[in-house]
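Q: model this:
(2 chains)
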Amino acid sequence: MIMKRQIPLIITFLAGLAMILGYFIPHEPFGGLQQMLNTWYMVVAAFAMILGVGNLIKLHTIKIRKRKQGFGYSFVLLAGLAAMGLFGIVRGIEPGTAFYWMWWNMHVPMSSTMFSLLAFFVASASYRAFRARNIEAALLLIAGILVMIGRVPIGDMVWSGFPAIANWIMNVPNTAGQRAILIGISLGVVSTSLRLLLGIERTYLAGD
Amino acid sequence: MRLAILAVSCFFLLVLSPASAFSQELEASEGLLPHLLPPESVRAADTPNDRGGSITLNWDISPDDSEIDSYEVLRSATADGEYSVVGTVSKGTIRFIDTGVSDRESYFYRVRAVAGDRYAESGPIDGVRSSSQWFNRNRLNMLIALILFSGFVLWFIYNAKIGKELFIRKISGLDAVEDAIGRATEMGRSVLYIPGIMDMDNIQTIASMIILGRVAKKTAEYDVTLHVPVSKSLVMTTAQEVVKESYSAVGRPDAYNADNIHYLTDDQFGYAAGVDGIMIREKPATVFFLGAFYAESLILAETGHSVGAIQIAGTAMPAQLPFFVAACDYTLIGEELFAASAYLSKEPLLMGSLKGQDWGKAIFMFFIGAGVILETMGITFLAKYLVTR
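A: As a prediction, this is how the structure comes out:
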């Protein structure tokens, strides 16, 4: 239990304290602590990648072995993983290599396709959100329409005041709301960090 | 006549000899470089509030600033030693920070205005040493705020510890968590938990893992399948541990299946595609989006909506909040994400920290109000003091 609870708590407390001291004390050894701990984290995360890839291979191998529904896609995934990995390691990732070609001609278009779906989802979500069912939704609808009209050239052609209204909505009420949320978030972050540092919040370690 | 020739010869020797100090003086002012003046009032000092290894130079622009190309900063280890260029800044600039120095060693500087092949140098600056400081005075305001805020949190934690009842406002999104998991039980479908796309060094992911522990306890109690696809390996191992411990804590270690918490990909849209696929195939009854999200937020939330899942989202990314509000049934806005663990557990110590957080917010509101009034009246000291550097 000591190994599972007390030691991680002590490490969390000391690491957190070191980061706080590093923020206020520029003198060595505190000044460079944040950078050093970030570097450590990156090293750990890089090695942890092996765990992720191992988990991916394990799950899809089981899926293929048990002939689960859609196991053919697991073949494609493992083949893609192996091809990208092998070509990248053996032939490098510079322009002109197979890895580079696959990245730009397969991965990037597929990512762009997923991203482009956002346009349609924005339309469907806006349709639901902008229905004037109550006063708040009606205000949202009016503000949304004004911002949309103010941000397209035709809005300026119809009336030159639309862009100014759109800018005012974005710069004043929108910014004020966002800043209020950000202040709340910052306090929440400090509060959560304190709970973690003081060992009050232990769910991430081993339940309660 | 001889005297006149001697005087002219001496004049030419003095003026044109490159080794002559007098000639160098003229170079600096007018002699070979007519009409170009060096920068004025050059000062150099140790850069304040830093880790050392840095000297800051300030100067007033040359009267010929509009005609020059740039300023060159020259450094030497001795006053009369050889100066070498350590930096070039564009015209109009009045500051340069030299980060190539060692602490406790003296350095001498000159600043030169350069126009094509002409230049005019300032006189040398006396030896300056850099040093590191033990306290960043620019962050004194942050230290006071931190002590004040931590004091509030600790005070209310203490109050909770001695049994004082604390009122916490109702958060609908968190009240709905149990109902949402109950719905999955009744429908015989799974619960899908998405902890965002950031790694364990992000506080939102940590908050998400804490909430996952609470959600996992409920799914274990209700015997519902909990599915957690993740986009980072470290998040996967953390989530596996958290869920495993939660299942053990409620006496259901047998129901824990590590394969339900699995890695998809680090790629943002690859992850979105993978999660969308899981939603379409499994049609979960409940979906949680709790953590740090970017452009994939709406792609995920709209897909979840299309399969008829009840969706509870929470993030501290202000740009993604409108998407979640539009597409999800409940949304935890910013700080509510960090309050979720305390709210769900109802533990007095955690509730105390929430209360302290609220008082911190009240202090911030007071300072914002005071700042607005003072700035409107033209009194700027408070706003200046509150700026962080």
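Q: quick one, helices of chain A?
A: For chain A, applying DSSP state H gives helices covering A:7-24, A:33-65, A:71-91, A:98-102, A:108-129, A:135-150, A:153-158, A:161-169, A:175-197, A:203-206.
Q: what residues does the stretch 51-200 of chain B put near chain A?
A: Within the stretch 51-200 of chain B, the residues that sit near chain A (Cβ under 8 Å from any Cβ of the partner chain) are B:51-52, B:132-136, B:139, B:142-143, B:146, B:149-150, B:153-154, B:157, B:199-200. (Glycine included, C-beta is placed from N, CA and C.)
Q: which helix runs longest in chain B?
A: In chain B, with assignment by DSSP H, the single longest helix is helix B:348-376.
Q: among the helices of chain A, which gets the worst mean confidence?
A: Note on these: helix A:203-206 shows the lowest mean pLDDT, a mean of 66.
Q: in helices only, show me the residues of the stretch 51-200 of chain B next to chain A.
A: Those of those lying in helices (DSSP H): B:142-143, B:146, B:149-150, B:153-154, B:157.
Q: most neighbours among the residues you listed, which one?
A: Greatest neighbour count in those, by other Cβ atoms under 10 Å in any protein chain shown, goes to B:Val153: 24 neighbours.
Q: what is the burial count for B:Pro284?
A: B:Pro284 has 26 nearby residues by other Cβ under 10 Å.
Q: go on, B:Ala309?
A: 28.
Q: how close does it get to A:Val122?
A: Per Cβ to Cβ, to the nearest Å, B:Ala309 is found 20 Å from A:Val122.
Q: same deal with B:Asp259?
A: For B:Asp259, the distance to A:Val122 - Cβ to Cβ - is 35 Å.
Q: ditto for A:Trp168
A: A:Trp168 sits 23 Å away from A:Val122, taking Cβ to Cβ as the criterion.
Q: list the contacts for B:Leu74?
A: Applying Cβ atoms under 8 Å, 6 or more residues apart in numbering or on different chains to B:Leu74 gives the contacts B:83-86, B:109-112, B:121.
Q: kindly apply the preceding question to B:Ile61 instead.
A: B:39-40, B:91-92, B:94.
Q: before we move on, what about A:Ala125?
A: Neighbours of A:Ala125 in contact, by Cβ under 8 Å, 6+ apart: B:298, B:301-302, B:305, B:323, B:326-327.
Q: give me the neighbour count for the nearest residue to B:Asp201 once chain neighbours are set aside.
A: In this structure, B:Asp201 finds its nearest non-sequential neighbour in A:Tyr41, 5.5 Å apart by Cβ to Cβ, 6 or more residues apart in numbering or on different chains. The tally of other residues near A:Tyr41 (other Cβ under 10 Å) stands at 14.
Q: quick check: A:Tyr41 touching B:Lys232?
A: No: using Cβ atoms under 8 Å, A:Tyr41 is not in contact with B:Lys232, being 11.8 Å away.
Q: quick check, pLDDT for the residue nearest to A:Leu9 when sequence neighbours are not counted.
A: In space, and not counting its chain neighbours, A:Leu9 is closest to A:Gly199: 4.5 Å by Cβ to Cβ, 6+ apart. A:Gly199 is assigned a predicted lDDT (pLDDT) of 86.
Q: what about the helices in the stretch 51-200 of chain B?
A: Residue ranges of the helices in the stretch 51-200 of chain B, as given by DSSP state H, counting those that start in this stretch, are B:140-161, B:172-187.
Q: show me what the last one packs onto, helices and strands only.
A: So that's helix B:172-187. strand B:191-196, helix B:203-222, strand B:286-292, strand B:310-315, strand B:330-333, helix B:335-345 (3 or more Cβ pairs under 8 Å, 6 or more residues apart in numbering or on different chains; DSSP states H and E).
Q: quick one: contacts of it?
A: Residues from elsewhere that reach helix B:172-187 (Cβ under 8 Å, 6+ apart): B:190-191, B:214-215, B:218-219, B:222-224, B:284-286, B:288, B:310, B:312, B:314, B:329-332, B:336, B:339-340, B:343-344.
Q: what subset of those residues is buried?
A: For these, a burial check counting by 16 or more other Cβ atoms under 10 Å in any protein chain shown picks out B:190-191, B:214-215, B:218-219, B:224, B:284-286, B:288, B:310, B:312, B:314, B:329-332, B:336, B:339-340, B:343-344.
Q: let me know the next secondary structure element after the helix or strand bottoming out on mean pLDDT in chain B.
A: Ranked by mean pLDDT, DSSP states H and E, the weakest helix or strand in chain B is helix B:21-29, scoring a mean of 41. Next helix or strand after helix B:21-29 toward the C-terminus (DSSP states H and E): strand B:40-46.
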